[in-house]
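In: what's the 3D shape of this:
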Amino acid sequence: MCVVGLGYVGVTLAAALLSTGRSVLGYENDPAVAEELAQGRLQVAEPGVGEAVRDGVASGAFAVTGDLGERRLPPVVIICVGTPIQAGGATPDLSHLRAATEAIAAGTDDNTLVIVRSTVPVRTSRDLVLPVLRRRTAEPLLAYCPERTIQGQALAEVLSLPQIVGGLTDEAGKRAAEFFATLTDQVVPVSSLEAAELVKLVCNCHTDLIYGFGNEVALLTEKLGLDAREVIDSANLGYPRPTLHKPGFVGGSCLTKDPYLLAHSVAAYGHTPQMITAARSLNESMPRKVGERVLAALRERGQDPADARILLSGLAYKGRPETDDLRGAPYERLLPFLRERVKEIVGHDFVVPSARIEALGVRAVDLTEGFTGAHAAILLNDHPRYGDIDAADLVARMAEPAVVYDTWRVLPPSTKAMRLGRA
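Out: Have a look, this model is predicted:
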C-alpha cells in the first residue's frame, strides 16, 4: 500500500494499515516531516499512531520517501493530502491534490487502485484527479472513500467506523470495498464518486450547523438574561426529539473548511446553501464575541485593556478527546483581535508543546504562571485536566479585576466566572 500525504489523516491511515500486518510506503513532500517519520518519530498527539509508526519503521514494514520518481507503486494508492481554503477567502486550494496526483501518476498502471481520501468539493475526483491519471492509463481504477474520524480517537475510528466507497466504475468500487473490508466490519457502497464526496461534506456541515444552533441559543439567552445551558439541558431531558447541542467554539480543520467546499460545489449551479453558510458565519464570529465581552468586563471594572495581561488557555481546537491540533482553533480569530487591544497575551495548553505556542507569537506558560498576575483568563477548550485544578487558588493569584471566561463551563459552578450563554 502507498499512502500519499502523511499529515493527520495519512499517518493515521498508515498506522491502521500497519496494525493489520500490511507493509506501507508513505510519500510526504515536506522534507522535515518525511525525515522525522522515516526515523519513527511522530510530531502529532494521536493515541496509538506513534507506536504503530515506530514499530513499523523498526520492523521495516513502514518506509517513507519524499521522492517517488517513476517507481512502480503498490497495487493500492491512497491520497490523503490537505485541501485548505485559500488564505483570506472562501475558495478551496486544490494544488496539493493536483501535485500528489501528478506525483503518483507515473507509477500507476491498469491494475493500480487510486483512492482519494482528501476532503474535496463535489466532482473533484472526476474533474481533477481522473484527467491526470488518464495521461498514464486509459481507464484508471479510481475511487473516493472519505476520512470521517476525529482527532483524539482517529486510529480506533479508522478501524471501526463504516467506510463510504464510491467508484468511478463497478470494478473500482468493488476493489475499494474489498480493501476497506479488511480494516472495518462495515463498508457502505454508494453510486458514484460524487455521492461519496458529498457524504463527507454533508456530515461535517450538519455538525457545524447543530453546533451553530447551540451558539445561537447562547447569544439569545445572553440578551434575554437567561442561561443557555439551563434552557438546553432542560429541553433535552427525557425529550425524544433531536438533541440540542450545548454552545461552544467550533474548530478543527474540517468543520471550519468543509462548508466552504460544499458552497463551492454548488456555486456553478447558482445555488447558495444558506443554512450552512449562516451557521459557519455565526460560528466564526464566536471567538471575537467572547473577546469583546472580556474586554468590556475589564473596562466596566476599571481596568484599561491596553494595560492588561490576558491568559489564553486551551489553544488546541478541542479538549475532548484531547489533541494537539491547532488548525481551525478559536485562537486564530481571537488572538489578532486581542493583540491590537491588550498589553500582553500569554498562552497555555495541556497538550500543545511550548515551542508551537511560542511560534504563535505568545509566551508559553504553565497554568499557575499564566493565572498569576493576569487581569483576565479565557479558557478556550474543555480539556478534562481543568477538572483537576484548584480554580479558587488560581483565581486568587490573578490581578484585579480577575476576569475569568469559562467557555465550556469546566470550572466549578462556585467559581466567579463569565460563561458562554449566560448573561
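In: A helix includes residue 201, no?
Out: Yes. Membership of residue 201 in a helix is supported by DSSP: H, G, I helix; E, B strand; the rest coil.
In: what's around it, how many residues?
Out: For residue 201, the count of nearby residues is 26 (other Cβ atoms under 10 Å). In short, each C-beta sits where N, CA and C put it, glycine included.
In: Over to the one 4 residues further on?
Out: The number of residues packed near residue 205 is 24, by other Cβ under 10 Å.
In: ditto for residue 416
Out: Using other Cβ under 10 Å, residue 416 has 12 other residues around it.
In: next one: the one 4 residues further on
Out: Using other Cβ under 10 Å, residue 420 has 25 neighbouring residues.
In: Quick check: phi and psi on it?
Out: The phi and psi torsions at residue 420 (degrees, to the nearest 10) take the values phi -60, psi 130.
In: thinking it is in contact with residue 287, fair?
Out: No. Taking Cβ atoms under 8 Å as the contact criterion, residue 420 and residue 287 are not neighbours in contact, 10.8 Å apart.
In: can you pull out the strands in the protein?
Out: In the chain, the segments counted as strands under DSSP state E are 2-4, 24-27, 62-65, 76-79, 113-116, 141-144, 163-167, 187-190, 309-313, 344-348, 363-364, 376-379, 403-406, 418-419.
In: Now those strands in CSV, please, with extra columns for distance to residue 320, mean pLDDT and mean neighbour count.
Out: As requested, the strands of the chain are arranged in CSV below (distance: least, Cβ to Cβ, whole Å; pLDDT from 0 to 100; neighbours: other Cβ atoms under 10 Å):
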stretch, distance to residue 320, mean pLDDT, mean neighbour count
strand 2-4, 28, 98, 27
strand 24-27, 29, 97, 24
strand 62-65, 30, 96, 20
strand 76-79, 28, 98, 25
strand 113-116, 30, 98, 27
strand 141-144, 30, 98, 29
strand 163-167, 25, 98, 24
strand 187-190, 27, 98, 17
strand 309-313, 15, 98, 24
strand 344-348, 17, 98, 22
strand 363-364, 22, 98, 18
strand 376-379, 13, 98, 26
strand 403-406, 15, 98, 22
strand 418-419, 18, 97, 20
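In: quick one: the spatially closest residue to residue 5 that is not a sequence neighbour from residue 133, how far?
Out: Closest residue to residue 5 apart from its sequence neighbours, by Cβ to Cβ, 6 or more residues apart in numbering: residue 81 at 3.6 Å. Plainly put, residue 81 is 15 Å away from residue 133 if you go by Cβ to Cβ, to the nearest Å.
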